[in-house]
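J.: Got a sequence here, can you model it:
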Amino acid sequence: MRRVVCPGSFDPVTNGHLDVITRAANLLDEVVVAVFQNSSKTPLFTVEERVELLRAATSKISNVRVDKFDGLTVDYCRANDITAIVKGLRAVTDFDYEMQMAQMNYNQAGVETLFVVTNPLWAFLSSSLVKDFAKFGGDVSGLVPPIVLERLKERLSEA
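T.: Okay, the predicted model is just below:
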């Protein structure tokens, strides 16, 4: 079985994330989307909320499973018998960082990394940009799944 993990903070999940997840799912037997807590960031949504949003957004993709983890992605791979990581690339700057991570993951654990180049429609998109834009009243309706848009509006109105 060809299984990969697609790790990220997904705070929140965007249509760019879904593009990479869907395209990986079309190529592989199973894609495990693993939500992690990034200790260097203060998230808008809890890990549990992000898992719930991702499950809703990927519910129609039968070979996608959503999970959560804390720690190194390679440790998650070892614990779950996964031999490859899939990452989306938006620009050359993503590649520079992701290539170093891929080499480290392979060096430390023999875990391969597969890169999916993001659809140009979403190349500019990031979770941080969505949050910032939405915070100041920008329309992000075409950039995130409807459930995420609803939750974003709720969360930002609480602030």
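J.: which strand residues sit across from F69 in the sheet?
T.: Per DSSP bridges, the residues bridged to F69 are F36.
J.: Show me where this protein dips below the pLDDT cut-off.
T.: Counting by pLDDT under 70, the chain has low-confidence residues at 159.
J.: now stretch 9-16: how far from the chain's centre is it?
T.: Distance of stretch 9-16 from the chain centroid (Cα atoms, centre = their mean, to the nearest Å) equals 6 Å.
J.: what's R50 in contact with, if anything?
T.: Going by Cβ atoms under 8 Å, 6 or more residues apart in numbering, R50 touches 9-13, 35, 43, 68. The C-beta positions use only the backbone N, C-alpha and C, and glycine is treated the same way.
J.: Kindly apply the preceding question to V20 instead.
T.: Here V20 is in contact with 6, 86-88, 116, 118 (Cβ under 8 Å, 6+ apart).
J.: From D11, how far off is it?
T.: Look at V20 and D11: by Cβ to Cβ, to the nearest Å, they are 16 Å apart.
J.: repeat for Q108
T.: Q108 is 26 Å from D11, by Cβ to Cβ.
J.: the more surrounded of the two?
T.: D11 (23 against 11; other Cβ atoms under 10 Å).
J.: Tell me if the more buried one really is in a strand.
T.: No - applying DSSP: H, G, I helix; E, B strand; the rest coil, one finds D11 to be coil, outside a strand.
J.: Now the host helix or strand of C6: buried residues?
T.: C6 is part of strand 3-8 when elements are defined by DSSP states H and E. Of the residues in strand 3-8, 3-8 count as buried by neighbour count, 16 or more other Cβ atoms under 10 Å.
J.: Quick check: longest helix in this structure by residues?
T.: helix 92-109 (DSSP state H).
J.: Give me the contacts around the helix or strand following that helix.
T.: Beyond helix 92-109 on the C-terminal side, the first helix or strand identified by DSSP H and E is strand 112-117. Residues outside strand 112-117 that contact it (Cβ under 8 Å, 6+ apart): 4, 20, 23-24, 83-89, 95, 98, 101-102, 105-106.
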